[in-house]
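Novice: Sequence and predicted structure are below.
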Amino acid sequence: MNPGPRPSASVDDPTERAPGAPVSTSAERGPPRSAGESLGFRLFLISVVVAIVPVASATARAIATGWIPTEDNALFAIRARDFFSYAHLPLIGTWSSATLTVGTQVNHPGPLYFDLLAVPARVSGSGAGIAFGVALVNSLCIAGIAWFAYRRGGALVGTAAMAATAALCWAMGSELLFEPWNPHSAMLPFLFFLVLVWSMTRGDPLAVPFAAGVGSLVMQTHLSYALLVPLLGAWGVVGFVFFLRAERRRDSVGWRDRRKRALRFGAAGAVVAVVCWLQPLIEQFTSDGSGNLTRLADSARSSNARTIGFGFGSRVVATVVSLPPLWFRPSLSEQFTAGWKAPSLVAALLSLAALASVLAWCAWDARRRRDRVSSWAVGTAVLGLLAALLTAGRGPVTVFGKVTPHTFRWLWPLGAFVFFVVAITIARRFARPAGAPARSLPFIGVFAIATLVVAVLNIPYADEGLGPNSQEYAIPAAKDLANHMGSLEHKGPLLIDDLFHGAFADPYGGTAVAELQRRRIDFVAHDPVLVRQFGPARRFNGKNARAQLLLRTGDAAREAPSGARRVALGQGLSGANRRELARLKTEIRDYIAAGRLRLNDRGQAAQRADDLPKLNAVEGREADAQTLLDSRELDLMIRRNYLALDGTWQDRLERYADLQQRSDLETVALFLAPLP
């Protein structure tokens, strides 16, 4: 009696095939063969869509509210549009702050992310194109993770991958899902790369060209992946070769066809890698002086910068991958920032040892069950953790301190991958035989529900990354400034150095340059950092600029520097808010002139400690109201609760301090001045 069709196993599940039968890891799964399998497949597809929804939702909200790239985000808009300019074609990535540590001007390795954003940036001159482009890259990474996870273990592994990916997106928060800033935009591609490396170890030839492309993207986008990607890529290649050798022993008859297929996809991977690295190679051999790749190699070999060491590096890694709250929210916004305290070395090592024990058990159990899908996933996770410890330990002590948050963003996708590996190993253990619908469906349902829950939690606005999108307050003023820059047309080329010499991480300089580019106003730079940022064709030679552009914020935006004239003003405060601020200032001047300003005990202690140098009179004697307002010392007294106030004046002064701070941050002006 024919028992009927057997539920199809995963495309990469040797535990579910007859002894000696060949396995085709590159073949697509056939259509579902039973009602249970069909339901599991539908849940998998739904989980993929659900995981992408927060990306689409955040991007749609950003576009609808008029988001534009500010600060470093704007640099991606500028260089992405430069892709269509022969003179300014980007050949390397953005300037790297590693320059401040190694003492040599270096950029991130390559411009591949600029290339991916080029078309949407060209189609849309506003922020919509950039936001859409980043969201598209992230969405394709999510779909790629789902696809290759499904190829490894069917709907069970596919839905588990979507749960882990959606949780990572939730940890990132909505505003990072469309942000082009390289520490954040590389996070989902790196998770995809980890899945691709694992797929290579299972002999999937299709993963080879994808890994070459995605790995190149990640490595070019940020220097913090300089060790991680090559080490993991080498592991994938070794696993791929071992798998093919094992297949040759198992099935010598079909070996020739599989070898040809592996060679074809291997050659495709090599072609993809060459294409991806073509621009950095062009720069390497055509630049004046040492190419960027040489600079990076030399600085890695000869830098005298101190490293944080493997002890402290272990504490950094443990903070995200083995100690609560792990890589979940709110870790991204709290770890490695001001006020963060590293765990003790003992706690870090014990937690890492506990994680290693869990992975060792997973490896033992998977090997005992001959579950090579889980075995090689565990191996990839272990190699990733070892590479993480090496990367962290060799991390330099920079001008920003031992730990700079943005240089360790790769820990979050690595933590998500380790979590995913443990989850699928346990799920596949209890779902034996692997792929059987009756055993797999409960786990598929749990993973699908988990994906839905974290995706819903990620719909509201959340800024977890403390990157350029944390300065979205500047967008109204930046847009107002851009709308008034029409008078600069036909005034170029303009020297732009001053636009980037204000406060650190000022949000307006890059936005102003992006608007110059959009209006086709040529610009040049003299600062070596800016020359490397915008390309050598924009180097100021003393003759190729007609005037210089100055940028001022706050009160300085209202008065032209000597010899300059204001050409554009941007204000984030509405007219009603500006009038309210002026009225409050008048009332406060009268209040202080009447001798009513009083310090409480905390304020008197601060004055005795000379923390209030501008306050020249207290306790009934006149204080200089205008000096207190202009120096913002009054704002400090309000925010630190140094004043003895009744309820009415408490509200008034707090409202004044809030409006004054917004005015300082959201008032910006451009001035045209003669060349220096």
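Specialist: Good, I have the coordinates.
Novice: Longest helix in the protein, by number of residues?
Specialist: Ranked by residue count under DSSP state H, the longest helix found in the chain is helix 127-172.
Novice: counting contacts, what elements does the very next helix or strand once past that helix pack onto?
Specialist: Read in the C-terminal direction, the helix or strand following helix 127-172 is helix 182-185, with elements assigned using DSSP states H and E. Applying 3 or more Cβ pairs under 8 Å, 6 or more residues apart in numbering; DSSP states H and E, one finds that helix 182-185 contacts helix 127-172. (Glycine included, C-beta is placed from N, CA and C.)
Novice: In this structure Gln533 contacts Trp95, no?
Specialist: Yes - Gln533 is within contact range of Trp95, at 4.6 Å (criterion: Cβ atoms under 8 Å).
Novice: Quick check: neighbours shared by the two?
Specialist: Where contact means Cβ atoms under 8 Å, 6 or more residues apart in numbering, the residues bridging Gln533 and Trp95 through contact with each are Asn107.
Novice: Who has more neighbours out of the two?
Specialist: A direct count of neighbours by other Cβ atoms under 10 Å for Gln533 and Trp95 places Gln533 higher, at 23 against 20.
Novice: can you dump the C-alpha coordinates of the helix or strand the more buried one falls within into CSV?
Specialist: Using DSSP H and E, the element containing Gln533 is helix 528-534. These are the backbone C-alpha positions of helix 528-534, laid out as CSV (Å, rounded to 0.1, in the frame of the first residue of the first chain):
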residue,chain,number,x,y,z
PRO,A,528,42.1,67.9,3.8
VAL,A,529,39.2,66.2,5.6
LEU,A,530,36.6,67.8,3.4
VAL,A,531,38.7,67.2,0.2
ARG,A,532,38.7,63.5,1.1
GLN,A,533,35.0,63.7,1.9
PHE,A,534,33.9,65.3,-1.3
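Novice: which helices and strands does that helix pack with?
Specialist: Packed against helix 528-534 by the contact rule (3+ Cβ pairs under 8 Å, 6+ apart) you find helix 71-81.
Novice: and the helix it packs on, what does it pack onto?
Specialist: With contacts defined as 3+ Cβ pairs under 8 Å, 6+ apart, the secondary structure elements packing on helix 71-81 are helix 112-123, helix 127-172, helix 509-518, helix 528-534.
Novice: Low-confidence stretches in the stretch 551-676 of the chain?
Specialist: Across the stretch 551-676 of the chain, the ranges flagged by pLDDT under 70 are 616-623.
Novice: residues of the helix or strand bottoming out on mean pLDDT in the chain that come out buried?
Specialist: When the helices and strands of the chain are compared on mean pLDDT, DSSP states H and E, helix 99-102 comes out lowest with a mean of 84. Taking 16 or more other Cβ atoms under 10 Å as the neighbour-count basis, helix 99-102 is seen to contain the buried residues 99, 101-102.
Novice: And stretch 462-480, by the same measure?
Specialist: Judged by neighbour count (16+ other Cβ under 10 Å), stretch 462-480 contains these buried residues: 462-472, 474-480.
Novice: What is the end-to-end distance of that stretch?
Specialist: Between the opening and closing residues of stretch 462-480 lies a distance of 25 Å (Cα to Cα, to the nearest Å).
Novice: contacting residues around that stretch?
Specialist: When contacts are defined by Cβ under 8 Å, 6+ apart, stretch 462-480 is touched by residues 66-73, 171-176, 179, 181, 183-184, 329-330, 332-333, 337, 405-406, 505, 507-508, 511-512, 569-572, 662, 665-668.
Novice: Separate out the buried members of these.
Specialist: The neighbour-count criterion (16+ other Cβ under 10 Å) marks 67-73, 171-176, 179, 181, 183-184, 329, 332-333, 405-406, 507-508, 511-512, 569-572, 662, 665-668 among these as buried.
Novice: residue contacts, the residue nearest the centre of the chain?
Specialist: Compute the mean C-alpha point of the chain, and by Cα atoms, centre = their mean the closest residue is His184, 0.2 Å away. The contact partners of His184, by Cβ under 8 Å, 6+ apart, come to 172, 176, 406, 409, 465, 467.
Novice: switch the cut-off to 6 Å
Specialist: Taking Cβ atoms under 6 Å, 6 or more residues apart in numbering as the contact definition, His184 lies against 176, 465, 467.
Novice: Could you provide those in CSV, with additional columns for pLDDT?
Specialist: Compiled in CSV, these are given as follows (pLDDT from 0 to 100):
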residue, pLDDT
Leu176, 97
Gly465, 82
Gly467, 89
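Novice: between the residues you listed, which is closest to Arg249?
Specialist: Leu176 (46.5 Å; Cβ to Cβ).
Novice: isn't Ala377 right up against Val197?
Specialist: No - under the criterion of Cβ atoms under 6 Å, Ala377 is not in contact with Val197, lying 10.0 Å apart.
Novice: Specify which residue of those two has the higher count of neighbours.
Specialist: Remark: of Ala377 and Val197, Ala377 carries more neighbours, 33 against 28, as counted by other Cβ under 10 Å.
Novice: where does that one land on pLDDT?
Specialist: According to the predicted model, the pLDDT of Ala377 comes to 97.
Novice: Got the phi and psi for Ser303?
Specialist: Phi and psi for Ser303, reported as degrees, to the nearest 10, are phi -60, psi 140.
Novice: I meant to write Thr667 there.
Specialist: Dihedral pair for Thr667: phi -120, psi 120, per degrees, to the nearest 10.
Novice: Thought Gly570 was touching it, still the case?
Specialist: No - because the distance of 7.3 Å does not satisfy Cβ under 6 Å, Thr667 is recorded as not touching Gly570.
Novice: Domain boundaries for this structure, per the record?
Specialist: According to automatic domain parsing, the chain is divided into the following domains: 41-457, 484-676.
Novice: what distance separates stretch 276-292 from the middle of the whole chain?
Specialist: When distances are taken as Cα atoms, centre = their mean, to the nearest Å, stretch 276-292 is centred 25 Å away from the chain's centroid.
Novice: Tell me which residues are up against that stretch.
Specialist: Residues from elsewhere that reach stretch 276-292, judged by Cβ under 6 Å, 6+ apart: 91-92, 107, 109-112, 216, 293.
Novice: Spit out the contact partners of Leu43.
Specialist: Under the contact definition (Cβ under 6 Å, 6+ apart), the residues listed for Leu43 are 444, 448.
Novice: Now do whichever strand or helix holds it, average pLDDT.
Specialist: Leu43 is located in helix 35-64, with elements delineated by DSSP H and E. For helix 35-64, the mean pLDDT works out to 94.
Novice: which ones are touching Leu323?
Specialist: 343, 351.
Novice: backbone phi and psi for Arg552, please?
Specialist: Main-chain torsions, Arg552, degrees, to the nearest 10: phi -130, psi 150.
Novice: excluding its backbone neighbours, what's nearest it?
Specialist: Spatial nearest neighbour of Arg552, chain neighbours left out: Ala669 (5.3 Å); criterion: Cβ to Cβ, 6 or more residues apart in numbering.
Novice: give me the beta-bridge partners of the one you found?
Specialist: With DSSP bridges as the criterion, Ala669 is bridged to Arg552, Leu569.
Novice: Distance check, it against Pro561.
Specialist: Computed with Cβ to Cβ, to the nearest Å, the distance linking Ala669 and Pro561 is 10 Å.
Novice: Settle it for me: which of the two has more neighbours?
Specialist: Each of Ala669 and Pro561 had its neighbours counted (other Cβ under 10 Å), and the higher figure belongs to Ala669 (24 against 13).
Novice: just to revisit the earlier point, and the buried residues of helix 99-102, which is closest to Leu495?
Specialist: Distance to Leu495, by Cβ to Cβ, is smallest for Thr99 among the buried residues of helix 99-102, at 21.5 Å.
Novice: Just list the residues touching the closest one, thanks.
Specialist: By Cβ under 6 Å, 6+ apart, the contact list for Thr99 reads 105-106.
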